[in-house]
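Got a predicted model here, sequence first, then my questions.
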Amino acid sequence: MAGFKTHSIIVKYTVLTACRDWLFWAVIILLATTVGLSMFLGSTSLVEQGQTAVACAAAAGRLIAASGMILFICFQVQRAMESKEIELLLSRPLSRPQFVLAYFGGFAILAAFIVAATCFFVLTAQLLHYEKISWGWLIAWGASLYVETLTISAFALFIALLTRSAVFATMTVFAFYFLARLIGFFLFMAKGHVLISKTPIFMKVAGVIIKSVSIVLPRFDMLTQSEWLIYGVRDLQGTMWCIAAAMLYIPFILAMTVFDLKRKQF
């Protein structure tokens, strides 16, 4: 009972900390700004102005949501470690797995709020620029964005607790995110032999490396695509498999976080 009470306290503390942090509200302001930018970009397009505006708003919203969670988690955990808050929380009747789940639960609530705000602003862009609105595809896009944000939040929590530098943790998580986003492009290059070097050995080695990396990375390039809001999900089965694979990363990353936390001496 005491552990559950402490668990809920950590979740509430994480949410309250975000509400008092300027970075969290800056993300919301940036999301609102994307609507104005989408109006400008849509008006500069010669054809399909509404589709262009919606696609730009969705792409910018996705990037802002993921970047905001990465920055907030990395610097929040670093501040908690410097102020000895984590040591204080671990001194209470709370196990390491409960602590990690409590922290991640708080971040999951924040991610849900940011994703909901992103969907709201994307919907606003649709209402302003595009007369055709598919609620089903918007919900699918938002659900995919939430899975993507949860995965990157779990990885950010793992790296932030693993290292002592918030900047290093932030750069590492951003590298992981962009690599997962661009892995489809790299696979296309390896498959089509579109590489800088024309040496056959180099192409074979690069192809093997890229394919090996793609096995252990979540396929974010298959998730939260802007075209879903306009044309719908074309490969529904493949998308569901990618979402399921991304969801499997969350317990795996949290388990690694617990394992690393048990090895540390506070």
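Yes, it's here.

ok, which stretches of this protein are helices?
For the chain, applying DSSP state H gives helices covering 2-19, 22-44, 49-82, 85-90, 96-129, 135-162, 166-192, 200-216, 228-231, 236-263.

So which of these is nearest M222?
Set against M222 and scored by CB to CB, the helices of the chain come closest in helix 236-263, at 4.1 Å. C-beta: built from backbone N, CA, C; applies to glycine.

which helices and strands does that closest one pack with?
helix 96-129, helix 135-162 (3 or more CB pairs under 8 Å, 6 or more residues apart in numbering; DSSP states H and E).

residue contacts, Y103?
10, 14, 77, 157 (CB atoms under 8 Å, 6 or more residues apart in numbering).

Can I get those residues in a markdown table including pLDDT?
Rendered in a markdown table, the data for those read as follows (pLDDT from 0 to 100):
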| residue | pLDDT |
| --- | --- |
| I10 | 77 |
| T14 | 79 |
| V77 | 88 |
| L157 | 92 |
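
Of those, which is the nearest to A66?
Each of the contacts of Y103 was scored against A66 by CB to CB, and L157 proved nearest at 14.1 Å.

I'd like to know how many residues surround that closest one.
L157: 23 surrounding residues under other CB atoms under 10 Å.

Format the helices of the chain as CSV; extra columns: distance to M222.
Supplementary listing: these in CSV, determined by distance: least, CB to CB, whole Å:
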stretch, distance to M222
helix 2-19, 29
helix 22-44, 23
helix 49-82, 13
helix 85-90, 35
helix 96-129, 18
helix 135-162, 9
helix 166-192, 7
helix 200-216, 11
helix 228-231, 11
helix 236-263, 4
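
ranking the helices and strands packed on helix 236-263 by mean pLDDT, which is last?
Confidence, taken as mean pLDDT, is least for helix 96-129 of the helices and strands packed on helix 236-263 (a mean of 87).

Relative to the whole chain's centre, how far out is it?
Helix 96-129 has its average C-alpha position 10 Å from the chain's average C-alpha position, going by CA atoms, centre = their mean, to the nearest Å.

Buried residues of it, list them for me.
Counting neighbours by 16 or more other CB atoms under 10 Å, one finds that the buried residues in helix 96-129 are 96, 98-108, 110-111, 113-115, 117-119, 121-123, 125-126, 128-129.

of the contacts of Y103, buried ones?
Under a neighbour-count criterion of 16+ other CB under 10 Å, the subset of these counted as buried comprises 10, 14, 77, 157.

Show me which of those residues is closest to L41.
Comparing the buried ones among the contacts of Y103 against L41 with CB to CB places L157 closest, at 34.1 Å.

what sits against that closest one?
Going by CB under 8 Å, 6+ apart, L157 touches 73, 77, 100, 103-104, 107, 253-254, 257.

Next, format those as CSV and append distance to L187.
Compiled in CSV, the contacts of L157 are given as follows (distance: CB to CB, whole Å):
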residue, distance to L187
I73, 29
V77, 33
V100, 32
Y103, 34
F104, 30
F107, 30
I253, 23
L254, 28
T257, 29
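
where in this protein is pLDDT low?
Within the chain, the segments meeting pLDDT under 70 span 1-7, 39, 42-43, 45-48, 129-133, 191-203, 265-266.

mind checking how far the residue nearest to the spatial centre of it is from I70?
The structure's the chain has its C-alpha centroid closest to T149; by CA atoms, centre = their mean the separation is 2.9 Å. Distance, T149 to I70, by CB to CB, to the nearest Å: 10 Å.
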